[in-house]
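S.K.: Everything below, folded, please.
(4 chains)
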Amino acid sequence: MASESATGDVLLRARELGLERGGRQLFSGIELALQRGQLVQVEGANGAGKTSLLRILAGLSRYGFSGSVERFAPQLFLGHQSAVKGLLTPRENLAWHVAGEAGFSPEAIDAALAAVSLYGYEDVPSHALSAGQHRRVNLARLFLTRAPLWLLDEPFTAIDRAGVAVLEARLLAHLQQGGGVLLTSHQPIAVAYPLLRLDLATGALQ
Amino acid sequence: MYFESLAAVVQMEGHGAFVWSAYFITIGVIVFMVYAPRRREKRFLRQLEGQIRRSEGGSPPGASKEV
Amino acid sequence: MWTLFHKFGSPPWLYRLSGSILRWLLPITVVALVAGSVWGLLFTAPDFRQGNSYRIIYIHVPAAVVALAGYYVMAIAGAVSLIWRMKMADIAMRACAPIGAALTFIALVTGSIWGKPTWGTWWVWDARITSMLILLFLYLGVVALYEAYENKALAAKACAVLSLVGTVNIPIIYKSVDWWYSLHQPASIKFTGGSTIDPSMLYPLLFMILAFYALFTCALLLNMRAEILQREQRTAWVRALAGERGGN
Amino acid sequence: MPASAAGFCFRLVRRQLVLGLRRPVELGNPLLFFAMVVALFPLGLGPAPDTLADFAPGILWIVALLSNLLTSDAVFRSDLEDGSLEQLLLAPQPLYFSALAYVLAHWLLTGLLLGLASPVFALMLGLAPTAIPALALSLLLGTAVLSLIGGIGGALTVGLKRGGMLISLLILPFYMPVLIFGSSAVQAALNGNPAGPYLAILGALLCISIALAPLAIAAGLRISVDT
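M.R.: Sure thing, here's the model as predicted:
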């Protein structure tokens, strides 16, 4: 069983990851095998390279790091920027999203927007929305995606308490359906689920 | 040798100014091409050497301590 | 083969190798350039139509030939850097651009000086001169792009892409400029074609082309050495080197 | 689960077109630029109709080239700034086709409009009516090549804060063959010669650009996002 889970259930594998920026070794020797149903939080001080690590894992940073990254499943990456176009409505932003997932049904999009409490904002041009609402349009993708591998960079920033609870519920559902989540967060995560911590300074996963 | 005197070489039947200026400009550019990276390398090594000395915390021999 | 490839990826090895190559190549290059120039300037007969001004050919043509070849060297280094992510290829590519620009500049200036007694004007929109001018722009574009990036590793990748685009485009640009010139040519002046050149003029010319290739190699290695040191300034071997030099 | 490459491209083109059409003023900017620069030439060269008509093929082509150049900087910039570009790079579909979709949308919003509007400007400069079809056709074909080449410049400089001037230095040399053959097509039509061969060469340039430019754009985008 153990060997089976090590081969078939790994969503993301990183070996010997190291990164040097401006003559400073941000991290080194990071070993990671994110499996289905695992929730991993990347921990480290400000400037420890959490965002850099996520961008390397997602495949956005291709140069300048050492080690290797393999992804075995479709991924969903949420970065600092919301990727929301001001000229498009929230509904259009999701329907024509550039991340390349198959088209979502209008009902699914409306349900996702309602889940992030943007009910009634579906057809408002996004430039009329606040920055927090832009973030929530972006987070609505979590309710639409079928990608098992989630890489989330500070998903709870600029989200109110009720919103955070909804997101945590969504994370839990995703994990229980066999998804894997790797995230960074300043806030403590209140999910009734085993949480693994990846310490960037030591490279230890516990 | 084609030319008969040094003056003829300089003159080149009226084309001397063009030929020689072309050659001198070329020499100038080539000297710069070779000299510039060497200077860059030397200057960098000197700079790095000073930086190493500084980081080792040594004070110049025989100099009074500066604040 | 692979061990050699890996060795080229090793900065200290390349630094030492380039040092020992330069020790003999640089003097040879200087001697060859002087000898070739003296040969061309003093020991050949003048062109029967252009007189002595044609002697500029011994620097103009070699500079142009090597400048063009240099672009391809740069693009090959760029391709190696993109495909195998070799750091030394980055450095070689970066080093090619200013050298190529300098050689193109020589070709343009000498061509212009040559034009004055031959055509009576400093600048003619002749196909070759126009092509050289475009080549200068291409080189300067690479330099400008490199300088605009703060992250020098990414700068090298961006320049590699640009120089590869350039290699695809250079033949097209040359052909189209050539064609454009033949369309608008005033039909009064023709360059002496390569095939009709007299052997007594051809041999010094070929010799000078070789000398310019050697010059290109020397300048490339010198630029690479300076760049290697800056890129590797935190490594022990560079610091040891600095200590050695500073002590002397 | 991911959308098919063709469907995704279609979606991208549609998205870019909607984004362009929702800002009609910006859509008109290249045309306005074209009109203004065309108006500069009579002021600089003198209003003599003969002189203007002689220079018209060159003027129209150079102005088209410049107006295309000025828009290339923006092809990917807003997408980089709001994070859409990194999502695009993570899409499982080949980036080659996505890049092509962006360029196609850019051409539809700039080159196509310019080609269609060019007869008006040609008349303003007194270009003989016989040359106008060749002008419009050569602009339609040529601006597509310009958009592809401009896309390369846009992709390589999008990560830089001051890309505007740099992009012209990078890609203007690559524009030159298009300029040569484009203006020659108009000139040929003006002299009563067939413009077909020149248009065919522009078509060949377009084919080469379609095959190769998206590769360079894709590589450039990956470099620009990697910071």
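S.K.: Tell me which residue in chain A sits closest to chain B.
M.R.: residue A:23 (12.3 Å; Cβ to the nearest Cβ). C-beta coordinates here come from the backbone N, C-alpha and C atoms, glycine included.
S.K.: Quick check: that residue vs chain D, distance?
M.R.: Separation of residue A:23 from chain D (Cβ to the nearest Cβ, to the nearest Å): 17 Å.
S.K.: Contact partners for that residue?
M.R.: Applying Cβ atoms under 8 Å, 6 or more residues apart in numbering or on different chains to residue A:23 gives the contacts residue C:234.
S.K.: Can you name the next helix or strand after the helix or strand of chain A with the lowest mean pLDDT?
M.R.: One helix or strand of chain A scores below all others by mean pLDDT, DSSP states H and E: helix A:2-8, with a mean of 47. Following helix A:2-8 in sequence order, the next helix or strand is strand A:10-21 (DSSP states H and E).
S.K.: Which strands or helices does that following strand pack on?
M.R.: strand A:24-35, helix A:50-58, strand A:65-71, strand A:180-184 (3 or more Cβ pairs under 8 Å, 6 or more residues apart in numbering or on different chains; DSSP states H and E).
S.K.: As a markdown table, those with mean neighbour count, mean pLDDT and distance to residue C:27 would be great.
M.R.: Below are the helices and strands packed on strand A:10-21 laid out as a markdown table (neighbours: other Cβ atoms under 10 Å in any protein chain shown; pLDDT from 0 to 100; distance: least, Cβ to Cβ, whole Å):
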| stretch | mean neighbour count | mean pLDDT | distance to residue C:27 |
| --- | --- | --- | --- |
| strand A:24-35 | 18 | 86 | 43 |
| helix A:50-58 | 23 | 90 | 48 |
| strand A:65-71 | 15 | 88 | 41 |
| strand A:180-184 | 24 | 91 | 59 |
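S.K.: Only the buried residues of the lengthiest helix in chain B, if you could.
M.R.: Counting residues, the longest helix found in chain B (DSSP state H) is helix B:16-55. Using 16 or more other Cβ atoms under 10 Å in any protein chain shown as the test for burial, helix B:16-55 gives B:16, B:18-20, B:22-23, B:25-26, B:29-30, B:33-34, B:36-37, B:40-41, B:44-45, B:48-49.
S.K.: Run the chain-centre distance for it.
M.R.: Mean C-alpha position of helix B:16-55 versus that of the full chain (Cα atoms, centre = their mean, to the nearest Å) differs by 4 Å.
S.K.: Equivalent analysis for stretch C:60-76, please.
M.R.: Centroid separation between stretch C:60-76 and its chain, computed with Cα atoms, centre = their mean, is 4 Å.
S.K.: Alpha carbons of that stretch, in PDB - could you do that?
M.R.: Extracted in PDB, the C-alpha atoms of stretch C:60-76 (Å, rounded to 0.1, in the frame of the first residue of the first chain):
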ATOM      1  CA  HIS C  60      36.800  47.200 -44.300                       C
ATOM      2  CA  VAL C  61      36.100  43.700 -45.600                       C
ATOM      3  CA  PRO C  62      37.600  41.700 -42.800                       C
ATOM      4  CA  ALA C  63      35.700  43.800 -40.200                       C
ATOM      5  CA  ALA C  64      32.500  43.300 -42.100                       C
ATOM      6  CA  VAL C  65      33.000  39.600 -42.500                       C
ATOM      7  CA  VAL C  66      33.900  39.000 -38.900                       C
ATOM      8  CA  ALA C  67      31.100  41.300 -37.700                       C
ATOM      9  CA  LEU C  68      28.600  39.200 -39.500                       C
ATOM     10  CA  ALA C  69      30.100  35.900 -38.400                       C
ATOM     11  CA  GLY C  70      30.100  37.300 -34.900                       C
ATOM     12  CA  TYR C  71      26.400  37.600 -34.900                       C
ATOM     13  CA  TYR C  72      26.100  33.900 -35.700                       C
ATOM     14  CA  VAL C  73      28.600  33.100 -32.900                       C
ATOM     15  CA  MET C  74      26.400  35.100 -30.600                       C
ATOM     16  CA  ALA C  75      23.300  33.300 -31.700                       C
ATOM     17  CA  ILE C  76      24.800  29.900 -31.300                       C
END
